[in-house]
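Chemist: pasting the sequence and the predicted model now:
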Amino acid sequence: MEMNLKQNLSMLTDFYEITMSNGYFSYGMREQIAVFDMFFRKIPDEGGFAIAAGLEQLIEYLENLHFTSEDIAYLREKGIFNEEFLDYLADFHFACDIWAVPEGTPVFPNEPIVVVRGPIIQAQLIETMVLLTLNHQSLIATKSNRIVRAAQGRPIAEFGSRRAQSFDAAVLGARAAYIGGCATTACVMTDRDYGVPAVGTMAHSWVQLFDSEYESFEKYARLYPNNCVFLVDTYNVLKSGVPNAIRVADEVLAPMGYRPKAIRIDSGDIAYLSKKSREMLDKAGYSDCKIMATNSLDEYLIRDLIIQGARIDQFGVGERLITSKSDPVFGGVYKMAAVERDGEYIPKIKISETVEKITTPCFKELYRFYNRETGQAIADYVTIRGEVVDDSQPITIFDPVATWKKKTVTNFIARPLLEPIFAKGKLVYEIPPLKEVQKYCLEQVSHLWDEVKRFEYPHRYYVDLSKKLWEERSKLLDQMTPSV
């Protein structure tokens, strides 16, 4: 895993993180302990849930967090930073505690995905990368999972590298797409570095280069007899492409003892063309030859193709996945929740006239309640850290906004979602293999009710605050809101 995050990315931060940190240092606050939450407010595509991803890259960044002599020289040239502060950065040692939900976990608005506790300067400096890594990959993993669910078990290949926003967005986007459920990728580097299987067929240029479509297929079949996927829409799918694929299968592959793996359709009325292609392939004796569809697909088009009876066995999805074109911003934020003074945590809140931007204070924990009999997720429950959640007894939960909406939960298991990642700057978390992350993701999604997984108007999953946390938040709102 030699991705770019192995390089020094400590300066990949917003400038105000450094100016604030210089201020904290200058006013004697370098040892002040603060708690920050990373959370998001809105699910992309107005969906029912999102998928957390990007933790591994955040870990790599934090393990390599240091400031080089070149970094210090650059900052010194700005002429605004305290020299003692620059000395502090030159001898920087990461010392924060971090908790996070594992990659692949379904997550919901306004609950902590990452919790950072540590010296204020350090907790402040890492904000940009916490958001950058989690926002990007969570966005793509969420989109991928929607597309995978739309395909109803048909494999999805991620084909978006050439349309990604940058080279690392291509590589890490393909990684995130795999977490969300994609089976393969076209990106070779993602295969090399993360083990996501790379696949490929041929481009139209291969077909165009030769004097005939038949010759292009024949040459390809002799090179790759055991992995022959023919692109059949360069000229005419039904009059040229499929007949030539069948002819090459008969005349080249069969004598060598092989069979064609698939044909790929990249344009036209894919539902109609796939049905007719299936008839032709079956009649020729190639009922085992798959049909793959590409061409600006997303979850809605895939769903519609299946509804229309398209005979498609697998899909290749590019730009609309790798950029999450329909809703390309995840919108995670990083807000202070508490500061520590004399061994006690003092809650902090941000108030806004935009109600959605009011934060939840306190050093918190996050639980998910599962039905003991069905295994289905019932609700998420946010508490003040240290609160006891006794799942042997009924718990009454309530909507933190519409407080009259209550539900008494019984016969449930309460599982904490935030796992320790760093303790005083030391990694204490074992990063799981990516294949296990994908398996975990799909398993956890299966625990959600179908109503939560709808594309249109999904049921709102409950994220409730404990009574103690809700009362603390209400008290702070009263204290911080001036009376008129």
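Modeler: Good, I have the coordinates.
Chemist: quick one: low-confidence residue ranges for the chain.
Modeler: 1-6, 482-484 (pLDDT under 70).
Chemist: tell me the centre residue of it?
Modeler: The centroid of the chain falls nearest to Ser138 when counting by Cα atoms, centre = their mean (2.3 Å).
Chemist: can I assume it sits in a strand?
Modeler: No - membership of Ser138 in a strand is not supported by DSSP: H, G, I helix; E, B strand; the rest coil, which gives helix.
Chemist: could you check how far it is from Ala176?
Modeler: 7 Å (Cβ to Cβ, to the nearest Å). Where C-beta positions appear, they are placed from N, C-alpha and C, glycine not excepted.
Chemist: may I have the longest strand along the chain as CSV, with CA atoms only?
Modeler: In the chain, taking DSSP state E as the definition, the longest strand is strand 332-341. Extracted in CSV, the C-alpha atoms of strand 332-341 (Å, rounded to 0.1, in the frame of the first residue of the first chain):
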residue,chain,number,x,y,z
GLY,A,332,-19.0,16.3,6.9
VAL,A,333,-18.0,18.8,9.5
TYR,A,334,-15.6,18.9,12.5
LYS,A,335,-16.8,20.7,15.6
MET,A,336,-15.6,21.2,19.1
ALA,A,337,-17.8,19.4,21.6
ALA,A,338,-16.0,19.8,25.0
VAL,A,339,-12.8,21.0,26.7
GLU,A,340,-11.2,19.4,29.8
ARG,A,341,-10.6,21.5,32.9
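Chemist: about what we covered before: are there residues contacting both of Ser138 and Ala176? Which ones?
Modeler: Ala53, Gly54 (Cβ atoms under 8 Å, 6 or more residues apart in numbering).
Chemist: tell me how far the residue nearest to the centre of the chain lies from Val101.
Modeler: 10 Å.
Chemist: the closest residue to Leu209 other than its chain neighbours is in what secondary structure piece?
Modeler: Distances taken as Cβ to Cβ, 6 or more residues apart in numbering put Ser216 closest to Leu209, at 6.9 Å, once the chain neighbours are dropped. Element membership for Ser216, per DSSP states H and E: helix 213-223.
Chemist: now do the buried residues in that helix.
Modeler: Glu213, Tyr214, Ser216, Phe217, Glu218, Lys219, Tyr220, Ala221 (16 or more other Cβ atoms under 10 Å).
Chemist: the longest strand of the chain pairs with which strands, and in what direction?
Modeler: strand 33-40 (antiparallel), strand 344-347 (antiparallel) (DSSP bridges).
Chemist: off-centre distance for the last one?
Modeler: Spelled out, it's strand 344-347. Computed by Cα atoms, centre = their mean, to the nearest Å, the chain-centroid distance of strand 344-347 equals 32 Å.
Chemist: one more: the longest one?
Modeler: Between the centre of strand 33-40 and the centre of its chain there are 19 Å (Cα atoms, centre = their mean).
Chemist: and the helix or strand following it, what does it pack against?
Modeler: Next helix or strand after strand 33-40 toward the C-terminus (DSSP H and E): strand 50-51. Of the remaining helices and strands, those touching strand 50-51 by 3 or more Cβ pairs under 8 Å, 6 or more residues apart in numbering; DSSP states H and E are strand 106-107, helix 127-150.
Chemist: angle of the helix or strand that strand 50-51 is followed by against strand 33-40?
Modeler: Remark: after strand 50-51, the chain's next helix or strand is helix 55-63, criterion DSSP H and E. Counting by axes from the mean of the first three to the mean of the last three Cα atoms, to 10 degrees, helix 55-63 lies at 150 degrees to strand 33-40.
Chemist: what's around Phe92, how many residues?
Modeler: By other Cβ atoms under 10 Å, the residues close to Phe92 number 17.
Chemist: hang on, it packs against Thr68?
Modeler: No - Phe92 sits out of contact with Thr68 when judged by Cβ atoms under 8 Å, with a separation of 10.4 Å.
Chemist: for stretch 154-169, C-alpha coordinates in CSV please.
Modeler: Backbone C-alpha positions of stretch 154-169 (Å, rounded to 0.1, in the frame of the first residue of the first chain) are rendered in CSV as follows:
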residue,chain,number,x,y,z
ARG,A,154,-25.5,-8.4,-10.6
PRO,A,155,-21.8,-7.5,-10.3
ILE,A,156,-20.8,-3.9,-10.6
ALA,A,157,-17.4,-2.9,-12.0
GLU,A,158,-16.1,0.5,-11.1
PHE,A,159,-15.0,2.1,-14.4
GLY,A,160,-14.5,5.8,-13.4
SER,A,161,-10.8,6.5,-13.3
ARG,A,162,-10.7,8.8,-16.3
ARG,A,163,-13.6,10.9,-15.0
ALA,A,164,-12.4,11.2,-11.4
GLN,A,165,-11.4,14.6,-10.0
SER,A,166,-7.7,13.7,-9.6
PHE,A,167,-5.4,10.7,-9.7
ASP,A,168,-5.8,10.0,-6.0
ALA,A,169,-9.5,10.4,-6.2
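Chemist: list the buried residues for it?
Modeler: Residues of stretch 154-169 classed as buried: Arg154, Pro155, Ile156, Ala157, Glu158, Phe159, Gly160, Ser161, Arg163, Ala164, Ala169 (neighbour count, 16+ other Cβ under 10 Å).
Chemist: do the same with stretch 187-201
Modeler: Buried residues in stretch 187-201 (16+ other Cβ under 10 Å): Cys187, Met189, Thr190, Asp191, Asp193, Tyr194, Val196, Ala198, Val199, Thr201.
Chemist: same check, this time on stretch 346-359
Modeler: Pro347, Lys348, Ile349, Ile358, Thr359.
Chemist: looking at these, which are in strands?
Modeler: Counting by DSSP E, the buried residues of stretch 346-359 contribute Pro347 to strands.
Chemist: farthest-apart pair in the buried residues of stretch 346-359, please.
Modeler: Within the buried residues of stretch 346-359, Pro347 and Ile358 form the most distant pair, 13.1 Å apart (Cβ to Cβ).
Chemist: Ile265 contacts Ser277, correct?
Modeler: Yes - using Cβ under 8 Å, Ile265 is in contact with Ser277, at 6.9 Å.
Chemist: mutual contacts of these two, please.
Modeler: Here Ile265 and Ser277 share the contacting residues Val232, Val237, Ile291, scored by Cβ under 8 Å, 6+ apart.
Chemist: separate out the buried members of those.
Modeler: The neighbour-count test (16+ other Cβ under 10 Å) marks Val232, Val237, Ile291 as buried among the shared contacts of Ile265 and Ser277.
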